[in-house]
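Enquirer: Test case, fold it:
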Amino acid sequence: MLRFTILFIVIVITLFALELFKPIQDAVILPFTGFLATISAYIMQLFDKDVIAQADVIRSSANGVAVKIAAGCNGVEAVIVLFAAIFAFPSKFIHKIYGFILGFFGIQILNIVRIISLFYLLQWDKNWFDWFHLYLWQALIIIDALVMWLIWLRYLPKTNEENVATA
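Expert: Numbering: from 1, shown residues only. The predicted model follows:
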């Protein structure tokens, strides 16, 4: 358990520090955030033709209301926590890869639901938007990372030591 805790902390601190570097922001984080905006707008356009995405901003052409997907709102932090938890835990590398890929998509699917809901909440009522944005959704995204990790743990194959009962 001590090994897991130390590795988890080292990985989280390292990845959070790397995320802050401008070259990584420019090459990875900003394009990814723009991609999230594009995907979210595409989904919304299936039932709302007034939605457009420009870089990391989603806007309604009908009323001008817009949301910007800022740092901390793109799910990257939750993905970092998931990555650290999976890769700090002792298991086969292939299981870590599978767990991370599935967890990444699980977090981002929920994050797209979050982005879409916040876009429409802002059009409806700014106070509700603020409450959902600052309190509910932030907690749910981190909880999603925890749930993805727990599901991954649940489906990890048992090691030989775990299959041997002691008398």
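Enquirer: doesn't Ala37 make contact with Ala55?
Expert: Yes - using Cβ atoms under 8 Å, Ala55 is in contact with Ala37, at 6.9 Å. The C-beta positions use only the backbone N, C-alpha and C, and glycine is treated the same way.
Enquirer: any shared contact partners between these two?
Expert: Residues touching both Ala55 and Ala37 (Cβ atoms under 8 Å, 6 or more residues apart in numbering): none.
Enquirer: Compare the two (neighbour count), which wins?
Expert: For Ala55 versus Ala37, the count of surrounding residues by other Cβ atoms under 10 Å is larger for Ala37: 25 against 13.
Enquirer: Does the closest residue to Ala66 other than its chain neighbours fall in a helix, a strand, or a coil region?
Expert: In this structure, Ala66 finds its nearest non-sequential neighbour in Arg59, 3.9 Å apart by Cβ to Cβ, 6 or more residues apart in numbering. Assigned with DSSP: H, G, I helix; E, B strand; the rest coil, Arg59 falls in the strand class.
Enquirer: and Arg59, what does it touch?
Expert: Counting by Cβ under 8 Å, 6+ apart, Arg59 makes contact with Val51, Ile52, Ala53, Val65, Ala66.
Enquirer: and if you look at Ile11?
Expert: Each residue near Ile11 by Cβ under 8 Å, 6+ apart is listed here: Phe83, Ala84, Phe87, Ala88.
Enquirer: nearest to Met148, of those residues?
Expert: Nearest to Met148 among the contacts of Ile11: Phe83, at 10.5 Å, using Cβ to Cβ.
Enquirer: Now do the helices in the protein.
Expert: 2-20, 22-24, 30-45, 76-88, 93-124, 126-131, 137-155, 160-163 (DSSP state H).
Enquirer: how about TSV for those helices, with mean pLDDT and distance to Ala70 added?
Expert: Shown next, in TSV, are the helices of the chain (pLDDT from 0 to 100; distance: least, Cβ to Cβ, whole Å):
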stretch	mean pLDDT	distance to Ala70
helix 2-20	95	13
helix 22-24	92	16
helix 30-45	94	8
helix 76-88	96	11
helix 93-124	94	11
helix 126-131	90	14
helix 137-155	93	12
helix 160-163	55	43
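Enquirer: and Ile86, what is it in contact with?
Expert: Per Cβ under 8 Å, 6+ apart, neighbours of Ile86: Lys96, Gly99, Phe100, Gly103, Trp149, Trp152.
Enquirer: If anything else comes up later, I'll come back, but that's it for now.
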